[in-house]
Structure formats: structure tokens, C-alpha cells
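Asks: A structural model of the following input is requested.
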Amino acid sequence: MIVAVVVTHQPDLERVAVLMSALAPQVSFSVAVDNGSSTDVRGYFQNAFSNTVDVISLVNNLGIAAAQNVGITRAKEKGADYVLLLDQDSVPHHAMVSELITAVEKMRVGGAQVACVGPRYLDDRRQNPPPFNRISGLRLVRGACSAPDSIIPVDYLIASGCLIPISVLEHVGGMREDLFIDYVDIEWGLRARRFGYQSFGVCAAHMAHSLGDQPIRFLGFSFPQHSPLRHYYHCRNAVLLYRERWVPCNWKFVDGWRLCLRYIFYSLFAKPPTAHWRMMTLGLWHGLRGQAGKYGKG
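Replies: Modelled structure (predicted):
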């Protein structure tokens, strides 16, 4: 039994309708967890998808990790064997879930301890689908899909589109809520590896996904851009992970170098640059202090 957990926050309801319509034939049931939206998301879901969606409305925005954990708990209560995580900016291809399940079965036959599997996603605003990444030694290995049915081992997957066996969640644990947003999926993927599991990117599974705001165009390339607050969480949570003794040192080095490059790039080219620089710097400082949770609290 596959239960989808869809997390929303101030969503575009028309886009959510497209997501839920694409999802309905592929899963047994869906749980929608709304993270403190001001609009009546519960009423919308109940009117449009009353028989196939269980709606949980959180009074306040508790962060992506907490909302996912609430949805995962409800999925367990429903008797789920797998949880499919999705957010409001994604639309699965009609065969995405079946391709993910096929990949899990194939990897298990080969003896792999599967942490999770995820699709190849495409953002229409960017030229190419992002590769599946992993760190080997002191370098970042970009795993492009050399064949349509390639299955690529990775360190982690983005949460949206990620199919996770309930048995793995019971062993590894849920999402780390004090990160609030950003690096939540990374932390879980690395933690799953610590427990002996492997995550896989599935080239045959496809999903449309909008990553961040309007991308920045630079030297012919397209780079994702987020708000200054999201850049705060990105920098802070990266440093919080670097403080963890169990996170591999080579992973910290490579990711830390990439964080430095992003810090410089967005300080110069994100609009307005001063706001992004200030929030990223504050995030680094709070990470060094070990300050977690929602920004502005604690």
C-alpha cells in the first residue's frame, strides 16, 4: 500500500489540483498536510478530493520536516507499506510511482538495502534536468542518466517525489524537525546511509518540479534562486550538519566548498544582494552557535 504525503503552505490551488489529479491513480491514498496557510486549504481538498485525501491542517507553519512527520504518522495509521513525499511545486508523471516501485524491487533482488528512490525532475525554467549527485572521496560525482532505465546510487534525494519504505523509516527515524526547512532531505539521506541503506535516483521515473524562485541567468547557465530567508536556512542548516560527528568528513569538505561558492555567488548576483548576504551570514553565525528551529524563535 502506497500513501502519498503532500505538504502545502500558501499553495496555488490550481497547481495543487493538477498535482492531486496526477497522483490519485498512482497511490492507494493521499494525506495532505497544510502548514498553517491563510487560505482554506482544508475546505478546498474536502470539496475537490473528499474520498481520496485525508486533510490535516496545522495551526502554524511548523516547517517541512514536522509536516512530513505528521503525514508519515498518518500514513502508518492507514497501514502504508511505502510513503511517497511530495510538495506543492511538483507534478508526477503518470508512470512515476510504478517506475519507482519497479526500481525498489530490482535493487532488492540485487541485494541492496534501499533507503528510498526518487525520480528525475525537470524544471521548465531551466535547460537541463539536474543530475543525481553523490560525493566520492573529495569530489562531487554527477550521475547523468546515460540510459533511460539507469538507476543511480546517490547520497540523498530531494524530498519531493521520494518513495520510502515504512520499514526504513521505523529503523532510521523520521525527518529532523529542528532544521525546519532545507537540508532536511540531505540529513535524512546521510543518516540512512549511516544505518546501512542506499538511496537511488531512477532515470525512468519523471516529475515536473519548480525549484525556488525565478532562476538567475549567468554565463549561459541557470542557477536556482530562493528568498533571503531560505538562504538563511540553507547556510545555517549546512553548518549544523557539519557540526555532527557522524557526518563523513569528506562529505563536509566537498559540501562546505560548494556552500562557500554559493555564498559568494548569491551575495553578488541575487536580488537584492545585500539582503541575501545579510541572511546567509546570519545563518552561518547561527549554525556555528548551534542555533536551530524556526527563524526568529528561541
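Asks: please make it C-alpha for all contacts and neighbour counts, starting now.
Replies: Fine.
Asks: low-confidence regions, this protein specifically.
Replies: The model of the chain has pLDDT under 70 over residues 124-128, 211-223, 298.
Asks: what ranges do the helices span in it?
Replies: 13-23, 41-48, 64-77, 96-109, 166-172, 184-194, 228-242, 249-269, 273-289 (DSSP state H).
Asks: what residues are up against residue 160?
Replies: 85, 86, 87, 90 (C-alpha atoms under 8 Å, 6 or more residues apart in numbering).
Asks: what's around residue 97, how many residues?
Replies: Look at residue 97: counted by other C-alpha atoms under 10 Å, it has 26 neighbours.
Asks: which residue is the nearest non-sequential neighbour of it?
Replies: Leaving out its chain neighbours, the residue that sits closest to residue 97 by C-alpha to C-alpha, 6 or more residues apart in numbering is residue 26, at 6.1 Å.
Asks: kindly report the same for residue 139.
Replies: Once flanking residues are discounted, residue 139 sits nearest to residue 254: 6.5 Å by C-alpha to C-alpha, 6+ apart.
Asks: same question for residue 250.
Replies: Nearest non-adjacent residue to residue 250, counting by C-alpha to C-alpha, 6+ apart: residue 138, 5.8 Å away.
Asks: so what's the closest residue to residue 273 other than its chain neighbours up against?
Replies: Leaving out its chain neighbours, the residue that sits closest to residue 273 by C-alpha to C-alpha, 6+ apart is residue 267, at 5.1 Å. The contact partners of residue 267, by C-alpha under 8 Å, 6+ apart, come to 273, 274, 276, 277.
Asks: pretty sure residue 293 sits against residue 181.
Replies: No: between residue 293 and residue 181 there is no contact under C-alpha atoms under 8 Å: 9.1 Å.
Asks: so the two - more neighbours on which side?
Replies: residue 181 (20 against 16).
Asks: isn't the more buried one right next to residue 68, touching?
Replies: No: counting by C-alpha under 8 Å, residue 181 does not reach residue 68; the two are 10.9 Å apart.
Asks: flag every buried residue along stretch 15-22.
Replies: For stretch 15-22, the neighbour count (16 or more other C-alpha atoms under 10 Å) marks 16, 17, 19, 20, 21, 22 as buried.
Asks: one step back: most surrounded residue in the contacts of residue 267?
Replies: Taking other C-alpha under 10 Å to define a neighbour, the member of the contacts of residue 267 with the most is residue 276, carrying 24 neighbours.
Asks: wait, residue 164 sits on residue 84?
Replies: Yes: counting by C-alpha under 8 Å, residue 164 touches residue 84, with 6.4 Å between them.
Asks: quick one, which of these two is more surrounded?
Replies: Neighbours per residue, other C-alpha under 10 Å: of residue 164 and residue 84, the larger number sits with residue 84, 27 against 24.
Asks: which residues in the stretch 101-250 of the chain form strands?
Replies: Ranges of strands within the stretch 101-250 of the chain are 114-122, 132-136, 139-143, 151-154, 162-165, 198-209, 213-218, 221-225, based on DSSP state E, counting those that start in this stretch.
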